[in-house]
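J.: how would this look folded up:
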Amino acid sequence: MSDETPSILVRIVGATDVGLIREHNEDNFIVVDLSSGETNFLEPREVVLGKKGTMLVVSDGMGGAAAGEVASHMAVESMRRQMLQYVTEQLDADGKVVEPPSGAPSLPQEAQNESVFLRMSRWLRDSTARANLEIWEAACADLSKNGMGTTLTGLVMLGSQIVVSQIGDSRAYLCRQGVLTQITHDQSLVNQLLDSGQITPEQAKLFEHSNVILQALGVQEDIEVVLSSETVRRGDRMLLCSDGLVGVVTDEEIQEVMASTEDLGEAARKLIDLARSGGGPDNITVILAQAEGEGLAVPTAEEHAKYQVMTLPGEKPIERRPFGEGYQFGSPAGSTSNAPDLVVARPDGHRVSLVMWAALFTLIATLVVLAVVLLPKRFKAPQRALCSVLVEPAGMEVWVDPSQSPTPLFKTSNRNEQMTVELGVGQHVFVLRSPEDRSVRSASVVVQVAAGQPCNLKLSTLPTVEFASDLGTAGDAGSPADAGTKEADAASVALDAGTDLGMPTVPGVDLSVAVAEGSDEESTKKTDKKPRNRRSKDKAGPSVAPVEAPPMLGTPAGSDGPTTPGEKAEPPKTDKPADSPKPNPPEARPAAPDGKPASPDAKPAPESKPAEATPQSP
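T.: Model prediction:
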């Protein structure tokens, strides 16, 4: 008698299609020979079932853009990695359980001596829960993938037994003797309503929210993995598929293809073509497996497959919830009056997401309040005021705050020029500078500008600077700005009281004294400046033409004096016409035509021979 165990042969093939509507495929599937680690089953292959079994996984991603594809890919890869780790560390080459490594989770007392199949079922459930945590953590770390998730249906075949883990609405079928049986239970809203009797099977086919699921990997931190089991018989065919197939192709059509098509590869293509011919609104994924061999019993006529929830030793049976915790409900839009009062389940998010969103909302509200309260004070426009500036000299640069400003405020072009400037509230420094060498020409004037208060200031050059800059040589002629005034003074004749010059009248020449407009007091003041004007005469002022004549006592500075014979006397330059009326101040009267003093009180002038003027013909 041979101790060799009869072999079990399994033919497996997998296929996926993007469909006719979606732009990219968010479905993923994997087939793993847990004994050898081989995963290449895109083409139909026949393998001998090893001591560690074989795993089939189908996942249907969701979340939009590339997030659904990422979630489904992470699910199948995590399942492959975890299951291979479990069987490598805790099963020997003959498929017997060995001592678990240190750090492995301890089993309940009732599960210490459980069979390899039960141990494998526990690993399948734990791998599914671990895949959920990995996807959930990735979604929390990347806001662009927030809300991504995937369904998962995983099947492990070990000997003549199979165990299926279920999350979402992807399905597993078993076809025995031409009869198709669903061995998973959809975790969807429509299925919950159907189980509770709120809708009929006919209404379930037309239910508008048939795509709403109650569980998915990566959507929330804790999930409830549902396990189901079945015993495989010789000739049984197993099908794992996404809802892209079952949402379009009926169970009767699937049963007909699986029962009538011998080749598994052709059967997979037929199922995909049926889904595409029905519109192909979603991605389509199928895995077909057929069990043969002496290691499997032949089914009897009364032996049919059925859905059986599996409870592991030491654990309580799973209580079916009418609706998942953390879901909100409301009446669907567009429901007809004769239809039952249906409800729509939509995910409300896991607790951490709610806390994150609440914290983000609080932060935004706080920032808005701070901006409303603080920003107007911090960025308030500075107050400014107008300031009137009077500058006496012409041709000067006016600087404001020269230590801070690289350029002057303006340059004067006229004498006593008045400008109005706008300045910020506060203290400012004004100073005059020369446009040639930027040297300081005035004392610094500090002014305090206040909002709503008048601001007036006057800028003058320094006395020493004014004297040196205007004449260029020592003298009392005055500044160039006073040139026009001093020319009039030079043309005016201020006689000392009681002085009789004895000036003869020259025909054709008006030698009358031109006195600038003003009061008698002004004339007196001009007369008092005789010595200074006399020195100016000696210095040959630029605006008075020199006349050769002997110096006479009492000749006012700037006067032309008597003319020599044969020389025509030029009229004095004044701002007024020559024929303007002459004032006769009592202290300085003009000489009478006969050469005698006009007043008996006047002192006689020193004897001097007046210059004779040559008469000219009219």
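J.: name the nearest residue to Gly244, sequence neighbours excluded.
T.: Asp282 (3.6 Å; Cβ to Cβ, 6 or more residues apart in numbering). C-beta coordinates here come from the backbone N, C-alpha and C atoms, glycine included.
J.: what about Gln192, which helix or strand?
T.: Assessed by DSSP states H and E, Gln192 sits inside helix 189-195.
J.: next helix or strand past that helix?
T.: Counting by DSSP H and E, what follows helix 189-195 is helix 201-205.
J.: tell me which other helices or strands the helix or strand just after that following helix touches.
T.: Using DSSP H and E, the helix or strand that follows helix 201-205 towards the C-terminus is strand 226-231. Using 3 or more Cβ pairs under 8 Å, 6 or more residues apart in numbering; DSSP states H and E as the contact test, the elements touching strand 226-231 are helix 116-141, strand 161-167.
J.: again, only using 7 Å
T.: strand 161-167 (3 or more Cβ pairs under 7 Å, 6 or more residues apart in numbering; DSSP states H and E).
J.: and the residue nearest to Arg237 when sequence neighbours are not counted, which of the three is it?
T.: Excluding the flanking residues, the one nearest Arg237 by Cβ to Cβ, 6+ apart is Cys175, at 4.4 Å. Here Cys175 is recorded as strand under DSSP: H, G, I helix; E, B strand; the rest coil.
J.: Cys175 reaches Glu256, doesn't it?
T.: No - with contacts counted by Cβ atoms under 7 Å, Cys175 stays clear of Glu256, the gap being 10.3 Å.
J.: the more surrounded of the two?
T.: Cys175 (21 against 15; other Cβ atoms under 10 Å).
J.: ok, now which ones touch the more buried one?
T.: Cys175 sits next to Arg237, Leu239, Gln255, Met258, Ala259 when contact means Cβ atoms under 7 Å, 6 or more residues apart in numbering.
J.: repeat that for Lys270.
T.: Val257, Thr261.
J.: how about the CA coordinates for the helix or strand containing it, as CSV?
T.: Using DSSP H and E, Lys270 falls within helix 264-277. The C-alpha coordinates for helix 264-277 follow below in CSV (Å, rounded to 0.1, in the frame of the first residue of the first chain):
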residue,chain,number,x,y,z
LEU,A,264,-11.0,27.9,-19.7
GLY,A,265,-9.3,30.5,-21.8
GLU,A,266,-12.1,30.6,-24.2
ALA,A,267,-14.7,30.7,-21.4
ALA,A,268,-12.9,33.8,-19.9
ARG,A,269,-13.0,35.6,-23.3
LYS,A,270,-16.7,34.8,-23.7
LEU,A,271,-17.5,36.2,-20.3
ILE,A,272,-15.6,39.5,-21.1
ASP,A,273,-17.2,39.7,-24.5
LEU,A,274,-20.7,39.4,-22.9
ALA,A,275,-19.9,42.3,-20.6
ARG,A,276,-18.6,44.4,-23.4
SER,A,277,-21.6,43.7,-25.6
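J.: over that helix, what's the mean pLDDT, rounded is fine.
T.: For helix 264-277, mean pLDDT is 96.
J.: now the element after it, going C-ward?
T.: strand 284-292.
J.: quick one: which of the contacts of Cys175 has the most company?
T.: Ranking the contacts of Cys175 using other Cβ under 10 Å puts Leu239 first, with 28 neighbours.
J.: wait, isn't that residue in contact with Tyr173?
T.: Yes - the pair Leu239 and Tyr173 qualifies as a contact (Cβ under 7 Å) at a distance of 4.2 Å.
J.: re the thing from before, check which helices and strands the helix holding Gln192 sits against.
T.: Judged by 3+ Cβ pairs under 7 Å, 6+ apart, helix 189-195 is in contact with helix 201-205.
J.: sounds good, over and out.
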